[in-house]
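K.L.:
sequence below, structure please.
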Amino acid sequence: MTKMQPGAPRHTGVLDRIAAVAGVLKKDAPACDELGHLTPVSEDALRSTGVVKLLHPADFGGLEGHPTEFLEGCVELAALNSSVGWVAGVVGVHPHEVALADRRLQEEIWDASPLGPETWIASPYAPGGVLVPTEGGYIFNGRWGYSSGTDLCQWVTIGAWIADADGELRDRTVCHVAVPRSDYEIVADSWDVVGLKGTGSKDLVIRDAFVPAHRVIRIEAVTEGSAAPAAGRGDAPVFYLPRNITFAGAVTAATVGIAKGVVDTFIEITRDRQARHGKASKDPFQLATLGRAAADVDSAVVQILHDMDRAYAYCLRGELVPMSLRAELRRNQAAAAQRAADAADAVFRISGGAGVYASAGLERRWRDSQAALHHIHNLAEPVWQSWGLLFFGHEGLPTVKF
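P.N.:
Just a heads-up that it's a prediction; the model follows:
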C-alpha cells in the first residue's frame, strides 16, 4: 500500500474567511443576478475565502484540503449568496480532476497561464462535442450548455466523444477535454433563466480547435478514485476521492446551502413582521412549519458532511471507496437536496404577502432553490432506482454513474 500523508486538517480557516466577507456577499447577491454572473466584488470575496483552492493540489499553489471542509464552505457561501455558493462548488471541483491529468496540462493551466495558481476552470461535463483524430491530437467541435462561472474562468474541462479517423462516432465512451479560453466562444445571451441568474451558466461553442493529446482526460480511473498513484499523487488522500461523489457533492452542498438561505431569510422577515392576527413570530402554523424546515435543512447538512467523512476515511488509508458506498452517498446526496429544497418551499408558501416582495429577498432565494433542483445530479428518482438495483444485486441504470 502506498505510504499516505496524514491528510489535511478538517478546518484550515476557510469558514472564518467566509464569515469575514459574509456581509459583502449577502448584500451583493442582487447585483450578481442583474449582471448575469458574479460581480467583481463577489468574485474577489469568493477568492479571498480559499474555498476554490481546497481541492487544488499543493504543488500548484492549492490548499489540498479536507473535502468535508470544501462542502461546508459551499453550504455557507450558498446560504449567503446563492450564485457564489454554486460557482464555488462547481468551479471548485475542477482542480481535483485536473490534478489527476497529464502533468503538462497542469503546468499549462497553473504555471503558464497569466493568473498562475489563481486560474479557474469551468465545465460542463455533458458530452456536447466530438474529437476527430489528427496528427498530435484532435480537431474539436461542439456546443455545450450550463457552463457555470465561465466568465471568470480561463480554461474549461468539457465532455466529449472520440470519433474514428474517418470522423465516424462509433464509441460512446465519454472523455473530458481541457480547452483554453482562446479556443472557445462564450455565448453571451444564452443564460436567461428564472433562478441562479448570477451563476452565468452560459453556453460554449468550439469550432475546429486543435487539442493536443495530453489535454484529453480519460475519466474511468478518476471516476473510481484509482488515478492518484499513476498521476504521482499516491500519497495525497484527497485525490483518491471518486469523481462523481465529489462533483455531485458540490452541487448538493450548494443546493442545501441555498435552501438554508431561504430559511434564514424567512426568519429575518418574520422576526418583526406584524400579521393580521398579531406578530408573525407567534403564529403557531408558521412556527411549526419553520421548525420542521430548519430541522430538515440541518439534517441535510449533517448527512452530506458525515457521508463525505465516511468516504474520506477510505482515502486516508489509500483505499478505493467501494461501489456500494459510492452508490449510497449518491442516494443520500439526492435525498438531502430534495429534503432541503422542500423545506425552502414550505417556508416560502407560508411567508404571506411579505414573501413576494423583491425587496425582502425571499422570492429570489426561493427561485434559486427551485432552479438548483434542475441540475441533473439533483434528479433523485433515477439515482434512487439505480441504488436499489445495485443493492439487490442487479445492474444499475446505464444513465446513472456512481
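K.L.:
any idea of the mean pLDDT in whatever helix or strand Ser48 lives in?
P.N.:
Taking DSSP states H and E as the criterion, Ser48 maps to helix 40-49. Mean per-residue pLDDT for helix 40-49: 98.
K.L.:
put the alpha carbons of the very next helix or strand once past that helix into CSV.
P.N.:
As assigned by DSSP H and E, the chain's next helix or strand after helix 40-49 is helix 67-80. Extracted in CSV, the C-alpha atoms of helix 67-80 (Å, rounded to 0.1, in the frame of the first residue of the first chain):
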residue,chain,number,x,y,z
PRO,A,67,-13.1,17.5,1.2
THR,A,68,-15.7,17.9,4.0
GLU,A,69,-14.5,21.5,4.7
PHE,A,70,-15.0,22.1,1.0
LEU,A,71,-18.6,21.0,1.3
GLU,A,72,-19.1,23.1,4.5
GLY,A,73,-17.7,26.1,2.6
CYS,A,74,-20.1,25.7,-0.3
VAL,A,75,-23.1,25.4,2.1
GLU,A,76,-22.1,28.6,4.0
LEU,A,77,-21.4,30.6,0.8
ALA,A,78,-24.7,29.5,-0.8
ALA,A,79,-26.7,30.5,2.3
LEU,A,80,-25.3,34.0,1.9
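K.L.:
helices or strands up against helix 67-80?
P.N.:
Counting contacts by 3 or more Cβ pairs under 8 Å, 6 or more residues apart in numbering; DSSP states H and E, helix 67-80 packs against helix 14-20, helix 22-35, helix 40-49, helix 82-92, helix 243-271, helix 284-316. In short, each C-beta sits where N, CA and C put it, glycine included.
K.L.:
need the contact list for Gly61.
P.N.:
Applying Cβ atoms under 8 Å, 6 or more residues apart in numbering, we find Gly61 in contact with 53, 110, 116-118.
K.L.:
can you redo these as CSV with neighbour count and distance to Leu80?
P.N.:
Shown next, in CSV, are the contacts of Gly61 (neighbours: other Cβ atoms under 10 Å; distance: Cβ to Cβ, whole Å):
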residue, neighbour count, distance to Leu80
Lys53, 22, 19
Trp110, 24, 28
Gly116, 12, 28
Pro117, 16, 25
Glu118, 14, 22
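K.L.:
taking the residues you listed one by one, which sit in helices?
P.N.:
Judged by DSSP state H, helices contain none of the contacts of Gly61.
K.L.:
Trp110 versus the residue nearest to His56 when sequence neighbours are not counted, what's the distance?
P.N.:
Using Cβ to Cβ, 6 or more residues apart in numbering and skipping the chain neighbours, the partner closest in space to His56 is Gly62 (2.5 Å). As judged by Cβ to Cβ, to the nearest Å, Gly62 and Trp110 stand 8 Å apart.
K.L.:
what residues are shared contacts of those two?
P.N.:
What both Gly62 and Trp110 touch, as defined by Cβ under 8 Å, 6+ apart, is the set Pro117.
K.L.:
hmm, back to that, show me what the helix holding Ser48 is packed against.
P.N.:
Packing partners of helix 40-49 (3+ Cβ pairs under 8 Å, 6+ apart): helix 14-20, helix 22-35, helix 67-80, helix 82-92.
K.L.:
pull the most distant pair out of the contacts of Gly61.
P.N.:
Largest separation among those by Cβ to Cβ: Lys53 and Gly116, giving 12.3 Å.
K.L.:
picking that back up, pick the most deeply packed of the helices and strands packed on helix 67-80.
P.N.:
Compared across these, helix 82-92 shows the largest average neighbour count, a mean of 31 (mean count of other Cβ atoms under 10 Å).
K.L.:
tell me the angle of it relative to helix 22-35?
P.N.:
Helix 82-92 runs at 90 degrees relative to helix 22-35, counting by axes from the mean of the first three to the mean of the last three Cα atoms, to 10 degrees.
K.L.:
may I have helix 82-92 as PDB, with CA atoms only?
P.N.:
The C-alpha trace of helix 82-92 is given here as PDB (Å, rounded to 0.1, in the frame of the first residue of the first chain):
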ATOM      1  CA  SER A  82     -26.800  31.500  -4.000                       C
ATOM      2  CA  SER A  83     -24.800  32.200  -7.100                       C
ATOM      3  CA  VAL A  84     -21.500  32.500  -5.200                       C
ATOM      4  CA  GLY A  85     -22.100  29.100  -3.500                       C
ATOM      5  CA  TRP A  86     -23.000  27.500  -6.700                       C
ATOM      6  CA  VAL A  87     -19.900  28.800  -8.600                       C
ATOM      7  CA  ALA A  88     -17.700  27.900  -5.600                       C
ATOM      8  CA  GLY A  89     -18.900  24.300  -5.700                       C
ATOM      9  CA  VAL A  90     -18.900  23.700  -9.500                       C
ATOM     10  CA  VAL A  91     -15.600  25.600 -10.200                       C
ATOM     11  CA  GLY A  92     -14.000  24.300  -7.000                       C
END
